[in-house]
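A.B. asks: Prediction below, plus the sequence it came from.
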Number of protein chains: 2
Amino acid sequence: MIRPVAPADHDAIWAILEPVIRAGETLATPRDMAREAALALWLSPDRTVRVLEADGAVMGIFYVRANQIGGGAHVANAGYVVADDATGRGFARRMCAASMDLARELGFRAMQFNFVISTNERAVALWQAMGFAVVGRLPGAFAHPSGEVVDALVMFRNL
Amino acid sequence: MIRPVAPADHDAIWAILEPVIRAGETLATPRDMAREAALALWLSPDRTVRVLEADGAVMGIFYVRANQIGGGAHVANAGYVVADDATGRGFARRMCAASMDLARELGFRAMQFNFVISTNERAVALWQAMGFAVVGRLPGAFAHPSGEVVDALVMFRNL
């Protein structure tokens, strides 16, 4: 089930976000970001946020927002996080499909990911399978916690 | 002369921004954006802002900021506006050079433009002359006031 966020979800959302933020391998978020800052970012008023619930628990979170304002406001941006212990169950795919439906409902005509870490191969492959094309490559734009500086990708599709 | 913004500059900054925002051809900003919203955006605390002064008047404004947080925080973003009646005098070039110096001083190691309108050929050519490469093309990402939907470019260079 995909539904809006309730205040009672905040603990579950933080439990999903914290290990991913601390690992720092897939999101451009400071690895030491505190709970309140992370929740403020993810639930900021310019985002429409949904959670994926399965087996009575929140397993993932995603948002949709305008990627630009003015003449660029018809293109959505979205982001997704699946709980570390819930990967491999198709939840990212379901959230991505739901985010495109939500974006269409909100009137967006395309969707753009600004910063897909190139080493996150599973994500890159999934977004390609979901119809997104790599339309840009940002050389060395991500300082991976491994110590290497790696490329980030810009991905795009019409809705 | 390139210098920080003083409160007394706000009228001059708005005089520069307003016609460019109203025209809506080069910036992804709502064409009806009000003065206070535009100043709040351009002078927001996450930006380091400078003005270019010549002949005793403010002729241009630019900002430098981190384009991403966390693992992407070593890449700067910047934006520039030259007064409509001061184009063709090399001010955009000087501001771009100054923005790269400022970005280096602030510790950034690269600079990215997220949304260069493809029809803004003078800007594209200038940024290329300043060492920026087109690293991405966002298809139809900008609703031009002409009624056409045009591509936007992602441009990038190391510092």
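C.D. replies: On my side now, so go ahead. Quick caveat: nothing in here was measured; it's all calculated off a predicted structure.

A.B. asks: what bridges to whichever residue of chain A sits closest to chain B?
C.D. replies: Closest approach of chain A to chain B (CB to the nearest CB) occurs at A:Gly136, with a separation of 2.0 Å. Yep, even glycine has a C-beta here, placed from its N, CA and C like the rest. Going by DSSP bridges, A:Gly136 is paired in beta bridges with A:Val154, B:Gly136.

A.B. asks: A:Glu53 too?
C.D. replies: As for beta bridges, A:Glu53 partners with A:Val58 under DSSP bridges.

A.B. asks: that's a helix at A:Val134, yeah?
C.D. replies: No: assigned with DSSP: H, G, I helix; E, B strand; the rest coil, A:Val134 falls outside any helix and is strand.

A.B. asks: Next, count neighbours for the nearest residue to it once chain neighbours are set aside.
C.D. replies: Counting by CB to CB, 6 or more residues apart in numbering or on different chains, A:Val134 lies nearest to A:Leu153, which is 5.1 Å off, once chain neighbours are set aside. Each residue near A:Leu153 was counted by other CB atoms under 10 Å in any protein chain shown, and the total is 24.

A.B. asks: From B:Met95, how far out is the residue nearest the centre of chain A?
C.D. replies: In chain A, the residue lying closest to the centroid (CA atoms, centre = their mean) is A:Gly79, at 1.7 Å. In this view, A:Gly79 and B:Met95 are 32 Å apart by CB to CB, to the nearest Å.

A.B. asks: Name the helix or strand for A:Arg22, please.
C.D. replies: Secondary structure assigned from DSSP states H and E places A:Arg22 in helix A:10-23.

A.B. asks: helices or strands up against that helix?
C.D. replies: If you count contacts as 3 or more CB pairs under 8 Å, 6 or more residues apart in numbering or on different chains; DSSP states H and E, helix A:10-23 packs onto helix A:35-42, strand A:57-66, strand A:75-82.

A.B. asks: Could you single out the most deeply buried of the ones you listed?
C.D. replies: The highest mean neighbour count among the helices and strands packed on helix A:10-23, using mean count of other CB atoms under 10 Å in any protein chain shown, belongs to strand A:75-82: a mean of 22.

A.B. asks: Name every strand pairing with it and say which way it goes.
C.D. replies: Assessed with DSSP bridges, strand A:75-82 is paired to strand A:57-66 (antiparallel), strand A:110-117 (parallel).

A.B. asks: Of all those strands, which one comes closest to B:Ala12?
C.D. replies: When those are compared by CB to CB, strand A:57-66 sits nearest B:Ala12, at 29.7 Å.

A.B. asks: who's in contact with the closest one?
C.D. replies: For strand A:57-66, contacts defined as CB atoms under 8 Å, 6 or more residues apart in numbering or on different chains pick out A:5, A:9, A:12-13, A:16-17, A:42, A:46-53, A:72-73, A:75-83, A:86, A:89, A:91-92, A:95-96, A:98-99, A:102-103, A:106, A:108.
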